[in-house]
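Asks: Quick one, fold the following:
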Amino acid sequence: MDFFLYILQLFLALALAPLVPGIINRVKAKFAGRHGKPILQLYYDLAKLVRKGEVISDTATWVFTAGPVISMVTAVLALALLPLGGMASPFGFNGDFILCAYLLGMGRFATVLAALDTGSPFEGMGASREALFGAIGEPVLFLSFLALVSTAMSMGIPSTEVSLSALFCGFTPLAWVTGRPEIMLLVVAMGVLLLVENCRIPVDDPNTHLELTMIHEVMVLDHSGPSLAFILYGASVKLWIFSALLAGLVLPAMPMWAYTLAMLAAVFVVAVLVGVIESVMARLRMHIVPALIGLAGAVSTFVLILTLVR
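Replies: Numbers count the residues shown, from 1 in each chain. All right, here's what the predicted structure looks like:
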């Protein structure tokens with residue numbers, strides 16, 4: 001019974017994932033004094049793209065068409081490892097957070113390869129930038145996970161039961177009230193990671209076509225039709241994953257129906273906050289981005305040291 005309830009929660013998350021970019025765009029439009037696109041615009045775009053044909057470069061190989069599929073599938077698999085609705089993932093296991101991070105990394109790697117396969121120097125530039133930010137962002141993600149693991153083990157959770165379901169399902173608020181307030185700093189680190197991993201301002205501008213600021217968007221310029229739909233949907237699922245991880249750091253344990261509603265509300269609140277951040281923050285130059293990621297890394301390292309010392 002629990003398995004079917006979890007699958008229902010998983011399909012709910014997959015169905016609502018395209019709604020998150022719509023909320024972000026609507027918030028940004030309101031700040032700019034515009035009506036903006038409909039909240040359901042991504043659904044309309046996906047339905048239109050899957051019915052269209054594709055234009056593929058003569059220099060591209062099967063890597064070009066496989067990249068979008070791999071990036072979408074890895075995002076869905078990473079989502080399946082997360083606790084949903086307050087329920088532990090039936091696919092989870094001890095140390096599954098490592099697999100989750102590597103699945104997200106594999107999706108990035110597939111997108112980078114697809115961009116390089118086009119033979120376009122412009123897309124190669126974007127692929128190089130994406131690889132750079134991935135190289136400095138993934139260690140921060142691992143440090144954040146290790147800080148949570150260290151705290152969990154010091155609070156009596158067996159080392160054989162440390163998984164995403166144990167770390168992001170009401171555990172963190174319990175740590176706050178039992179003398180581990182430094183864990184709250186991980187909210188800052190995970191918030192920065194959300195912006196970095198999902199190519200949001202100030203790391204990237206998903207709406208720009210300027211050479212100085214393009215990272216992710218330049219890698220998918222040659223994609224069209226179903227391949228572009230896979231990329232857009234995979235990006236929305238990835239945004240849902242990091243929003244759910246951030247929400248899991250602040251939501252306490254509660255009954256399934258209450259946790260489901262609270263998680264949905266928290267994910268949508270995160271989307272609103274991302275829209276607000278992008279609206280009020282100036283378009284910072286990219287040389288500031290490493291400092292931003294460095295701040296997140298310093299915070300997660302500080303928390304890890306505190307948990308080890310205590």
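Asks: pLDDT below threshold where in the protein?
Replies: 1, 159-160, 179, 201-214, 282-310 (pLDDT under 70).
Asks: ok, which stretches of it are helices?
Replies: Secondary structure of the chain by DSSP state H: the helices cover 2-16, 19-31, 41-49, 62-80, 96-117, 121-154, 164-167, 171-177, 185-197, 216-219, 225-248, 256-280, 289-309.
Asks: Mind giving me the packing neighbours of the fourth one?
Replies: Judged by 3 or more Cβ pairs under 8 Å, 6 or more residues apart in numbering; DSSP states H and E, the packing partners of helix 62-80 are helix 2-16, helix 96-117, helix 225-248. For glycine as for every other residue, the C-beta is placed from the backbone atoms N, C-alpha and C.
Asks: In the first one, which residues are buried?
Replies: If I follow you right, that is helix 2-16. Neighbour counts over helix 2-16 (16 or more other Cβ atoms under 10 Å) mark Tyr6, Gln9, Leu10, Ala13, Leu14 as buried.
Asks: The second one now?
Replies: Within helix 96-117, the residues that qualify as buried are 96-97, 99-101, 103-117, counting by 16+ other Cβ under 10 Å.
Asks: How about Met184: what's its closest non-neighbour residue?
Replies: The shortest distance from Met184 to any non-neighbouring residue, by Cβ to Cβ, 6 or more residues apart in numbering, is to Trp176 (6.2 Å).
Asks: burial of that neighbour, as a residue count?
Replies: 15 (other Cβ atoms under 10 Å).
Asks: now do the one 4 residues further on
Replies: The criterion is other Cβ under 10 Å. On that basis, Arg180 has 18 neighbouring residues.
Asks: Please apply the same query to Gln41.
Replies: As a measure of burial, Gln41 has 15 neighbours, counting by other Cβ under 10 Å.
Asks: one step back: hang on, isn't the residue nearest to Met184 packed against Ile183?
Replies: Yes - counting by Cβ atoms under 8 Å, Trp176 touches Ile183, with 6.3 Å between them.
Asks: so what sits against both of these two?
Replies: Common neighbours of Trp176 and Ile183, counting by Cβ atoms under 8 Å, 6 or more residues apart in numbering, are absent.
Asks: Could I get the buried residue list for stretch 65-83?
Replies: Under 16+ other Cβ under 10 Å, the buried positions of stretch 65-83 are 65, 67-83.
Asks: returning to what we had before: I'd like the helices of the chain as CSV, with distance to Ser89 appended.
Replies: What follows is these, written out as CSV (distance: least, Cβ to Cβ, whole Å):
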stretch, distance to Ser89
helix 2-16, 7
helix 19-31, 20
helix 41-49, 26
helix 62-80, 6
helix 96-117, 8
helix 121-154, 15
helix 164-167, 5
helix 171-177, 14
helix 185-197, 19
helix 216-219, 27
helix 225-248, 12
helix 256-280, 14
helix 289-309, 23
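Asks: which residues touch Gln41?
Replies: Contacts of Gln41 by Cβ under 8 Å, 6+ apart are Gly22, Asn25.
Asks: ok, it to Gly107 distance?
Replies: Per Cβ to Cβ, to the nearest Å, Gln41 is found 23 Å from Gly107.
Asks: distance of the closest residue to Phe171 other than its chain neighbours from Leu164?
Replies: Nearest residue to Phe171 in three dimensions, chain neighbours excluded: Ala152, at 6.3 Å (Cβ to Cβ, 6+ apart). Look at Ala152 and Leu164: by Cβ to Cβ, they are 11 Å apart.
Asks: How about Leu132?
Replies: Taken as Cβ to Cβ, the span from Leu132 to Leu164 is 27 Å.
Asks: between these two, which one's more packed in?
Replies: More crowded of Leu132 and Leu164, by other Cβ under 10 Å: Leu164, with 26 against 14.
Asks: residues touching the more buried one, list them.
Replies: Taking Cβ under 8 Å, 6+ apart, one finds Leu81, Leu82, Pro83, Ser89, Gly92, Asp96, Phe97, Cys100 in contact with Leu164.
Asks: Can you tell me how far Gly156 is from Pro83?
Replies: 19 Å.
Asks: just Thr118 next, same as before
Replies: 38 Å.
Asks: what's the closest non-adjacent residue to His216?
Replies: For His216, the closest residue by Cβ to Cβ, 6+ apart turns out to be Cys199, at 3.9 Å.
Asks: Gly124 now?
Replies: Leu116 (5.8 Å).
Asks: And for Phe268?
Replies: Per Cβ to Cβ, 6+ apart, closest to Phe268 is Ile23, 6.0 Å.
Asks: Val276 versus that neighbour, what's the distance?
Replies: For Ile23 relative to Val276 (Cβ to Cβ), the value is 11 Å.
Asks: Quick one: residues contacting Ser120.
Replies: Ser57, Leu221, Asp222.
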